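> Kindly generate the corresponding structure for this input.
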Amino acid sequence: MSAELEVAKAPGAAGLPDAPQAATPSSPRRQGALWPTVRALLRKELLVELRTLESVPGMSLFALSTFVVFHFALDRSSAEGDLAAGILWVTLLLAAILGVNRLFVADAEQGGFDGFLLAPVDRSAMFLAKALSLLAYLLALELVAVPAFALLLLGPPLWPALPGLLATLALGDVGVAVIGTLVAALAVRTRARDLLGPLLALPLFVPIVIGGSRATSPLLVAAHPATAPAIRWLLTLGLYDLVFGLIAYAVFDFLLED
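Got it, this is the predicted structure:
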């Protein structure tokens, strides 16, 4: 009789289904919820920016003002080559600092971090959503800044250099988005976040300035413009993006919980 009771209590006996097992962090159920969470957070970030206009207008106005300053300060009608590439990349990266500083401010001040930590979702979803939103801000900035740069400062025509310039800008934008998201998460909970963010971000942006300007400068030469950016500098930018992307993805969970 006792043997029959033991058989009846065994999992799956008499056609009864097994008890459901809790999903572990590495289970398909947890991983499958990552991208829906990223899409929801990204939609929220973009809607907030469309309603408040806190980041993109300020970034664009800063870039336009800087180009105007360079236009009158250089005492020349146009720029090309290394000078033009340096002006473009330095201006874009300095304008990106404004977006980096505001990336996590609303979450820190309005309890967004606490609400996200209480939700049963993958913590990496916030990093991916914030990086993608910053990437969208950079794309919107360049839609305004690049034509203004060509109008105010660039000597050679922009259209022949546009395909190579877009490829270089894309790689640079990915690096800025990844590093900017990591730096913003580090600095947002400090008292001097408006100072600490640029101090941490600017040294990490220097390789992007170097690689981007070196890849772009052959495209902006009037006499003999190159048809494509230097491949080795594009590979350098891609490797830099990959390394910092892996680092940021690995440490973001600990930054969020601390």
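
> Which parts of the stretch 1-150 of the chain are helices?
For the stretch 1-150 of the chain, the helices defined by DSSP state H, counting those that start in this stretch cover 2-9, 28-32, 34-52, 56-73, 81-101, 105-109, 112-118, 124-152.

> Single out the most deeply packed of the ones you listed.
Among these, ranked by average contacts under mean count of other Cβ atoms under 10 Å, first place goes to helix 81-101 (a mean of 22). Quick note: C-beta positions are derived from backbone N, CA and C, even for glycine.

> Number of residues surrounding Ser77?
Counted by other Cβ atoms under 10 Å, the residues lying close to Ser77 total 8.

> give me every residue that touches it.
Applying Cβ atoms under 8 Å, 6 or more residues apart in numbering to Ser77 gives the contacts Gly155.

> What about it? Give its phi and psi, please.
With angles defined as degrees, to the nearest 10, Ser77 sits at phi -80, psi -30.

> if I look at it, how far off is Leu152?
For Ser77, the distance to Leu152 (Cβ to Cβ, to the nearest Å) stands at 10 Å.

> do you know which of the helices of the stretch 1-150 of the chain lies nearest Ile208?
If you check each of the helices of the stretch 1-150 of the chain against Ile208 by Cβ to Cβ, helix 81-101 wins as the nearest, at 6.8 Å.

> re the thing from before, can you put the helices of the stretch 1-150 of the chain in a markdown table and add mean pLDDT?
Shown next, in a markdown table, are the helices of the stretch 1-150 of the chain (pLDDT from 0 to 100):
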| stretch | mean pLDDT |
| --- | --- |
| helix 2-9 | 42 |
| helix 28-32 | 43 |
| helix 34-52 | 89 |
| helix 56-73 | 93 |
| helix 81-101 | 93 |
| helix 105-109 | 76 |
| helix 112-118 | 71 |
| helix 124-152 | 93 |
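
> Now tabulate those helices in TSV and tack on distance to Leu171.
Shown next, in TSV, are the helices of the stretch 1-150 of the chain (distance: least, Cβ to Cβ, whole Å):
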stretch	distance to Leu171
helix 2-9	61
helix 28-32	28
helix 34-52	21
helix 56-73	19
helix 81-101	12
helix 105-109	27
helix 112-118	30
helix 124-152	12
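
> Tell me which of these sits nearest to Leu235.
When the helices of the stretch 1-150 of the chain are compared by Cβ to Cβ, helix 81-101 sits nearest Leu235, at 17.5 Å.
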